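Trainee: let me see the structure of the following:
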Amino acid sequence: MRRRALLSTLATASIAGCNGLADSGRTTRPPLDVETPTPTATESPFGEPSVAPTPTTGTEVGPDHRLVSLRARDVPDGLALDAGFVGAATGSQPALLWVGLRNVTEADRTVEFGATPPVSTYRLRGGNPPLYVVPVSRPEPTEGVRLWNDCWKTRSQSVAEAEDTTRSVTIPPGESVGGLYGVVVMRGADICLPAGQYEIAGDGGWTLGLSVFPRRGTEPGSSQFGEPPTPAMVANDGDVHWFHEADADTSRYLEPSAEQVGLANGRVRATLHNYGPGSLVHDGSWALVHRHGEADWRLVAPLATRVEDGDAVVRPGERVRTAFDIDSRPRLAYGDPASIGGLVPGRYAVVFPRVQVWRGNVRRSLDVFAALVDLVGNAPELAPSALVESTTRSGDTLDVLASGDSGPSDAVVSVERTAAPPDRSLVLPQVLQFEVLRDTLGYLVDSDLHRVELRTPDVRRERFAIGAANLTLPTVSGGVAFAFRGRGYRVEIEAG
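Mentor: Residues are numbered from 1 along each chain as shown. Have a look, this model is predicted:
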């Protein structure tokens, strides 16, 4: 976003004086007497390059918390919102937030503002007790607020907002109407800077997110992995974050509930933590990758089911958890892609491959978050599924009928041996993700058969077609080919 030089003065509405409540509990006059001079256009206090905007600030008084301004929403067309903290909470001032609406068009823009533009609603949405933004000026950042027991609070037990105070302001191209605000709690509140997610309501209907959270809610747990081999990953335009590399200074990481899990009805919970200065947006995509041999990593899941989860926004101070049910036994319930069967003992990586990292209204990068997990237990066997109803052999070909509750057996999947194994191979946990491979290779491997023709519900054929595309299996003579346990196979699929 475009920055301008830091000005010595800001166009802010000032606050003077404070007043109490009448015996009836109703305000006799505004406890914060708001002066409402005509606002003028000004430049942003975020200079370039000498003074950079700070989307996060700390506090030298009160709890050891961080405050972060987040993405703005519903900003009118032709305007941009510049927001950031220009000062931490100290013994001489509260945490100071500057907010400005900037004209990004090439013509004058006339905008309706309230009493203290561009924010004239002081109580923030969300949180209990609530937070307030109190308009202040740079020369006197403590007017209307007071330091009580190392906590910045309003001077009064209520904050009155000027009613029916609106006026039109013309903003020249490239200029801003901005205001400086102290972030405080109400006098009498028994907690200072309560952690939570808040929303500032700006003049004209736009909103700005604000996060308050401990500098470190939790530290990454110690990892059992030192410097292990990991799969090669492309981080798009960002970074790859491994949990075993996280330390006390790491602000974002993917933490597994355990780094060693039993395969018999086990569960892995992967928690994405965010203690950074901006939001993380996880699109719901994930991958389970298995290490086969010393340095060969294979995608195991999801293969047979498309994943269409919505975005999860992880704001500063928040975390989001994804649970994976795992088992060595092949599973027939494909409704939940995070229920993964047919796994073998060994090392795996849980990967979130596309996590957007935001700073305010700017997407900074698309990062990868990952964690290693060892699965322990007995290895499964390759065998036909319980859905097979009958088999009929004719020479070196076996006809197999498999049914179930997912429709009639009107699709045909044929698997035959090839003279030479292709370059692309599958490993057992990949094969066991597909019923059509279990019900064909389960008969072909270690037998004198040359071909198996399987009649099965079409949904199982479709699952394999999707999985073959995800694995980018090569196409040979109208089918897909792969090697398994040193032998080559070609699969033809025909819809019912």
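
Trainee: what's the closest non-adjacent residue to residue 192?
Mentor: With C-beta to C-beta, 6 or more residues apart in numbering as the criterion, residue 192 has its nearest non-adjacent residue at 3.5 Å, and that residue is residue 151. (C-beta placed from N, C-alpha, C; glycine too.)

Trainee: might one say that that neighbour is in contact with residue 65?
Mentor: No. Residue 151 is beyond contact range of residue 65, at 11.2 Å (criterion: C-beta atoms under 8 Å).

Trainee: need the residues touching each of the two.
Mentor: residue 193 (C-beta atoms under 8 Å, 6 or more residues apart in numbering).

Trainee: state the mean pLDDT of stretch 196-208.
Mentor: Averaged over stretch 196-208, pLDDT sits at 94.

Trainee: residues making contact with that stretch?
Mentor: The set of residues external to stretch 196-208 that reach it, using C-beta under 8 Å, 6+ apart, is 69-76, 81, 83, 99, 101, 111-114, 117-121, 124-127, 130-131, 133, 209-213, 315, 317-318.

Trainee: the residues you listed, buried ones only, as a PyMOL selection?
Mentor: Selecting just the buried residues from the contacts of stretch 196-208 in PyMOL takes one command, with 16 or more other C-beta atoms under 10 Å as the test:
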select buried, resi 69+70+71+72+75+81+83+99+101+111+113+114+117+118+119+120+121+124+127+130+131+133+209+210+211+212+213+315+317+318
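
Trainee: where does the stretch 251-400 of the chain dip in pLDDT?
Mentor: Within the stretch 251-400 of the chain, the segments meeting pLDDT under 70 span 305-309, 332-335.

Trainee: just the strands in it please.
Mentor: 252-256, 260-262, 266-274, 280-282, 287-292, 296-301, 312-314, 319-326, 339-340, 346-359, 362-376, 388-394, 397-402 (DSSP state E, counting those that start in this stretch).

Trainee: now tabulate those strands in a markdown table and tack on mean neighbour count and distance to residue 434.
Mentor: Written out in a markdown table, the entries for these read as follows (neighbours: other C-beta atoms under 10 Å; distance: least, C-beta to C-beta, whole Å):
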| stretch | mean neighbour count | distance to residue 434 |
| --- | --- | --- |
| strand 252-256 | 22 | 26 |
| strand 260-262 | 15 | 23 |
| strand 266-274 | 20 | 21 |
| strand 280-282 | 21 | 27 |
| strand 287-292 | 20 | 15 |
| strand 296-301 | 19 | 11 |
| strand 312-314 | 18 | 29 |
| strand 319-326 | 17 | 17 |
| strand 339-340 | 20 | 13 |
| strand 346-359 | 21 | 19 |
| strand 362-376 | 19 | 20 |
| strand 388-394 | 12 | 14 |
| strand 397-402 | 19 | 12 |
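
Trainee: mind checking which of these is nearest residue 190?
Mentor: Evaluated with C-beta to C-beta, the strands of the stretch 251-400 of the chain place strand 319-326 nearest to residue 190, the distance being 26.4 Å.

Trainee: mind listing what the closest one pairs with, with the direction of each?
Mentor: Strand partners for strand 319-326, identified by DSSP bridges, are recorded as strand 266-274 (antiparallel), strand 339-340 (parallel).

Trainee: reformat the ones you listed as a markdown table; add distance to residue 449.
Mentor: As requested, the strands paired with strand 319-326 are exported to a markdown table (distance: least, C-beta to C-beta, whole Å):
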| stretch | distance to residue 449 |
| --- | --- |
| strand 266-274 | 35 |
| strand 339-340 | 29 |
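
Trainee: so residue 290 sits against residue 298, correct?
Mentor: Yes. The pair residue 290 and residue 298 passes the contact test of C-beta under 8 Å, sitting 5.1 Å apart.
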